[in-house]
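Q: Output the structure for:
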Amino acid sequence: MALTDENRRTFLAQNVSADLVYLWEELNVSLLHQYELGQNYRSMVRFAALADTRAGARAAFASDVTVDPDNAAGRAALAGLVAAWQSALDTTEQERKLKAEAHVLGLPKPLPANDRLAMRVALEASLGSLEDREEPSSTYLALKMEEVEAGEIKASLLDEVTCTVDEVNANFQSSVDSSGRLRLTKERKKAKLPTGSEELRQRLRVEAHTFLMLAARFRNKAWFQGLSSKDFLLHVDYVLGDKIYLLQTVRPEGGPAMSWANFSWQLVLNYEHRFRKEAYKQASRNNRSLTDTLKEARDNAMLKETYFVGPLAMEMASRASFSAGPPAKFQKIDGAPPPPTPDPSWDRDRKGKGKGKGKFLGKPSKNGFVFRKTPDGREICYGYNNGSCSSWEEWNSVSGIASRTYRFLYLFAGPSRHSDVKSYLVELSRKHDINLFGLEIDLTRSTEHDLRSTSLWATLSELLKEADAVVLAPPCNTFSRARARWRISPGPPPLRSLEYLHGFPWLSDSNRNLVEDANFLVSKSFEFCQLCVEAGVAFIIEHPEQLGKVQHMIPGSIWDMDDSKHLLLFEGVETFAFFQCQWGDALSKKPTRFMAFHVHWDSFTFFPGAHRLASDGSYAGPLPRHCGHVHEPLLGKDSDGDWKTSRSAAYPPNMCHWLAASLLGLRVGGGSAASGARMTTSQNLAAAVLQPPELFDWQWAPWSLAKVALLGEPSCSLESKSREIAMSGRISQADMFALCDLITDEETGRGRRPGELPTEKLFTSGAYVHGGVCGLRKHCRASPWTTALLACIINCVCPGSKFTSVLLGRDIKTGPHRDENNEPGSHNIVVKAASFSRGGLLLEDETGDQEMIVNGQLRQFRVLGFVDEFLRFDPSLWHATEDWEGTRIVVIGFSIRDPHKLKSEDRIFLERLLGDEDHGDTGPTRSTSSKVKSPDIEYPFHGYMEAARSYNYGDPLTVSWRGLHQSMCDGCGLNSPGRWRPGSRGLGLPWEASDLAQRIHGLLLRFVSENIDDTKKAFFRLALGRMTSAPFSPESMEHLRDEWFRLLPDSKAASKVAEGQPFYLEALSQTSRLLGDEDWGILTRDPENYGSGRKVGVDSPFPRVPLVFRPKKKWRDYDDSPYQAINANYSSAALVPDQLEAQFEEEEALGMMFPLSEAEARKRFGDKLHVASLGAIMKDDGTVRTIFDGTHSVKLNNRIRIDDHLEFPGPSCVGRAMEEMEDDGYHLLIGVAADVAKGHPKVQTSLGGPWLPRL
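A: Numbering: from 1, shown residues only. Presented below is the predicted three-dimensional model:
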């Protein structure tokens, strides 16, 4: 019977190694030839040993396979066979060298990419496509292959069973190979242990796929004979079924017949590991199939008795106390407050040490020792003793009827004290009939409370599902600011800084261990907080405030960590700072920061928003400079030899009382349910007394005499108060209330009912537009001090904002409306100027969860809240005021339509009135490129960033090279997203910017896929210089641009190209502005822009752009040749006059040059005329590169000064990018250099003086 192709494929699959078949297929060896070769060569190594030379291989193939070398097809087939042999020879030789080196150096053997691919293809052929979380990592697969080759497979712990997703976090370790070269290898990293049944199921799925891939590689191994995914599914079902995880036990005391066995999750993990260990051992030592040994392990009663039943019985018997940590369920603590220290006898009994002396807590029974009371006399239900207590109703039946039940977790609780949070929780729960359960975890209370244990965190994660609130206070000893003063005050040195947030690289082993332990605890704390958000459980995490520079360094803080910033992205998570001394019983002011979720705060004074640092690293808010008290510095040691900082470790008792009330949602301080004190107009005087005088840290430098002269003398009490505040350099909340009280009634807000709120006040100033006519509001001239003060507040809170008008409003509520007279594409800035809650905006959004009827049409809205004291939104969208609690005071900046229509004198006056002397102009033509800061400013390590810091997640990458450290440079400026990790870019972009970016990205993806069939092939053609023309037709490009323009506010203007320009600068300008680019104005809006033409900088330096470039500190020394205005060309130009003339005529046709005779030039420019020498360099393609010498004689370059430093990526930055690509799972980094033909001549310039080339 004749063989079919299917018969041949079956033979190859069953008899030839997958990597060899893959090699043949990759080099297009025919199926017939594969079948003929497979009769004798069934492995890569044997096929590579077929011959010693290419000639020998060619001769062997000619005799062993059916091929006719006398025709073209036969010769091509023979060439493919020789190429396959050569590839096999090279692969096996390289693999042999790598394995030999790994063996000598004791490193894990590398896994060839072809081997892994072949195994994955074989597995997917039977199971279908694998997701990244289901595919074993190359590190783990290589480890298992090494075990197979060594003859014994081992059962890895489940945190070592990693998938490709886990592998992205792997680090690199260096070693020296046998030839003395430095070699970098990927360090084997561990994943997290499974914390639940689904995570266990997923991890065992990875283990199963690992062994199935090995089975495809080692077909002849007896271990893998008959092995299938079903064998591991049976194992998973066994572990997670009613034999182990869902085990039920007989329940005593006449209750239900069966109940769930209450055992720890760690017990399941331990038994599962022992199960696999036994099965793998039997398979390896007896050369048996894993299918059989896994089944035998399931039936092995001795194995189950030894590693599951026995430990389960001991675990349940050892459950002698609710304080033994961590227990399976919460302790009930609804009785009297605990004593200051635990009873020693109870602690001995709990730990199983001592002789059992002390209080009689229970009695022996047939089920073991049964406890009936806690040490302080509280009753324990029977369900606790037999481990069956699984419902809160049973606990409630012991304590009677309660108003509600509350469960809390307190991690890093510290030693027990009489007036701690727990004692006040107990006291308040008794007063308000609350059934209270809780658990306090701290190493000072029990050695079993070591939060460095991942298993303990896993147990707490299960317990979290039943909790109502969690409090975390991770240790701060390695973050202490006191360490930074070690040179002036005796004490330990610092261990970390803002630059080295996770610890200095030069730490000793002991300090490194200390820092790594703290890093782990902080990381797990933030991870636990995220679990709280996902589960809807309230949490509070506490740590000292980041107070900026001290002793020429900025100490590190957990609030600078990426985990902290990522947590703030979740809806409902808030952060604020406060002084602990406001409760009156603190030993120091102890500036503290909370991050919290769904906590109903009792009344107190707090300062919302994330911490801010000034450009020099000093603290800029939100806390004021002083707390209003005098405290002893906590430096050095006290008379007892203890560090003074230890005094402030515990919370003040009054603060503990407030925290307990807030956790329980009680109002014991007389305040409302607000995040801070709620004040109405009638409480203004009390607010001025109770609130600190410096509620907001909005500070500004003294105004110039010119600006003070412009504003003149105050004309009313409102103006006098505004001048008083402006000249003081800062403002308090009491000042904001006073300003509102001095405002005369002006108008009712649009979209609201007149007279709805008697406390309404409104002040509007700046420019207006009505019926196409622009002008200045009356308050610009009548109340210039107030107008300038409001503009100053906006610039302090949100530097770089653009607005033409300002508004101060108190309790103004507007219905749904759109600001149709605002400048298209502009954004309104709303500054929160009082401590009210909610009170943001309801903004139109198709994905919003709130509905309102607008003009008879149902529309969706979302809530846009305040972030860092302000919010920004697009006024062209429908929006309305969100309801609020307290007194809502806001300052708003907005831009009217067509501000250029203002009269020249009005525009100049408005720019001077609204201008920010600290941050540049804020007038109608202002952009951030006009921000001029001193070039002597000390730049932070990562640069002077504003929007880029908030738009991207965390800090830019840090590059280390030859012992030096620098911030990542990608050549596109300090605000370039390319300086951040790919996964960290754009996470903080406003919704409008993110939406535009996604739309443009979608347009480009669709455009490329529609016009290029094979993008990879096109890319390599471009990289190799084989793409001689654009792959896109002019029509398709025009259609793409039209789609782009339609996404912009003014699509008509965007579609136009400025005269003399080939670029769509207006479209680029609108796009970059909407995306938050801080230098967008340079394109079309600045006085000197690329649209109208830029001067080349002769005798007028370019303005600094500090948000894009660092200051330039070195300038090149130009040749100091004698000055001469008119110069002849160099001889190199005189040799090629025809080529130069043809090139100039071509550029003249493009509008880049224009001809002028020397006589006409002298007549037109007179003594200002300068003629520079021309040179010429011949290129390889026969064309000429023109050299315009602006240095020698004419000294043009000598008169140009650029204060911005242009940075370009070097080898260290490229290497860092390669590391990031490797960590993200990409093993190939390709860079393509490109050049724009005649790029510089295409840029429009403004002729500041006639410097001409001579032809």
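Q: Checking my notes, L739 in a helix, right?
A: Yes. Applying DSSP: H, G, I helix; E, B strand; the rest coil, one finds L739 inside a helix.
Q: And for it, the neighbour number?
A: 24 (other Cβ atoms under 10 Å). Any C-beta I mention is one placed from the backbone N, CA and C, and that applies to glycine too.
Q: My guess is it contacts S722. True?
A: Yes. Here L739 lies in contact with S722, judged by Cβ atoms under 8 Å, at a distance of 6.9 Å.
Q: which neighbours do the two share?
A: Overlap between the neighbourhoods of L739 and S722 consists of T786, taking contacts as Cβ atoms under 8 Å, 6 or more residues apart in numbering.
Q: what comes into contact with stretch 984-1001?
A: With contact meaning Cβ under 8 Å, 6+ apart, stretch 984-1001 is reached by 562, 566, 569, 827, 845, 872-874, 950-954, 977-978, 1044, 1047, 1071, 1074-1076.
Q: Export only the CA atoms of it, formatted as CSV.
A: This file holds the C-alpha atoms of stretch 984-1001, laid out as CSV (Å, rounded to 0.1, in the frame of the first residue of the first chain):
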residue,chain,number,x,y,z
SER,A,984,4.0,52.8,33.6
ARG,A,985,3.4,55.3,30.8
GLY,A,986,0.2,57.4,30.6
LEU,A,987,-1.5,55.8,33.6
GLY,A,988,-2.3,59.2,35.1
LEU,A,989,-3.4,61.0,32.0
PRO,A,990,-6.7,62.8,32.2
TRP,A,991,-9.6,61.0,30.7
GLU,A,992,-9.7,63.3,27.7
ALA,A,993,-6.0,62.8,26.9
SER,A,994,-6.2,59.1,27.4
ASP,A,995,-9.2,58.8,25.1
LEU,A,996,-7.6,60.8,22.4
ALA,A,997,-4.4,58.8,22.6
GLN,A,998,-6.4,55.5,22.3
ARG,A,999,-8.3,56.9,19.3
ILE,A,1000,-5.2,57.9,17.5
HIS,A,1001,-3.5,54.6,18.3
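Q: Give me the buried stretch members for it, please.
A: Within stretch 984-1001, the residues that count as buried by 16 or more other Cβ atoms under 10 Å are S984, R985, G986, L987, G988, L989, P990, E992, A993, S994, L996, A997.
Q: how near is the fifth one to G617?
A: Which is G988. As defined by Cβ to Cβ, to the nearest Å, G988 lies at a distance of 22 Å from G617.
Q: Same check on the third one?
A: For G986, the distance to G617 (Cβ to Cβ) stands at 26 Å.
Q: Equivalent analysis for the fourth one, please.
A: Here the criterion is Cβ to Cβ. By it, L987 lies 24 Å from G617.
Q: for stretch 1199-1209, how far is the first residue from the last?
A: In terms of Cα to Cα, to the nearest Å, the two terminal residues of stretch 1199-1209 are separated by 28 Å.
Q: neighbouring contacts of that stretch?
A: By Cβ under 8 Å, 6+ apart, the surrounding residues in contact with stretch 1199-1209 are 935, 969-971, 1096-1099, 1101-1102, 1104-1105, 1108-1113, 1115, 1217.
Q: Spatially nearest residue to H770 (excluding sequence neighbours)?
A: The shortest distance from H770 to any residue other than its chain neighbours is 7.7 Å, reached at N821 (Cβ to Cβ, 6 or more residues apart in numbering).
Q: Quick one: residues contacting that neighbour.
A: When the contact criterion is Cβ under 8 Å, 6+ apart, the partners of N821 are V769, H770, I896, R897.
Q: ok, D845 - how many residues close by?
A: Considering only other Cβ under 10 Å, D845 is surrounded by 18 other residues.
Q: swap that for G1190, please
A: Applying other Cβ under 10 Å, we find 21 residues neighbouring G1190.
Q: is it true that it touches N1197?
A: Yes. Proximity of G1190 to N1197 meets the contact threshold set by Cβ under 8 Å, at 4.8 Å.
Q: Can you identify each of the strands in the stretch 801-950 of the chain by residue range?
A: Along the stretch 801-950 of the chain, the segments classed as strands by DSSP state E, counting those that start in this stretch run 805-810, 828-832, 837-838, 841-844, 850-854, 857-864, 870-873, 879-881, 884-885, 889-894.
Q: would you list these in TSV and tack on distance to D1167, mean pLDDT and mean neighbour count?
A: Supplementary listing: the strands of the stretch 801-950 of the chain in TSV, determined by distance: least, Cβ to Cβ, whole Å; pLDDT from 0 to 100; neighbours: other Cβ atoms under 10 Å:
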stretch	distance to D1167	mean pLDDT	mean neighbour count
strand 805-810	48	92	25
strand 828-832	51	92	23
strand 837-838	69	86	17
strand 841-844	61	90	22
strand 850-854	68	86	13
strand 857-864	61	89	16
strand 870-873	52	87	19
strand 879-881	61	92	22
strand 884-885	69	86	16
strand 889-894	49	93	24
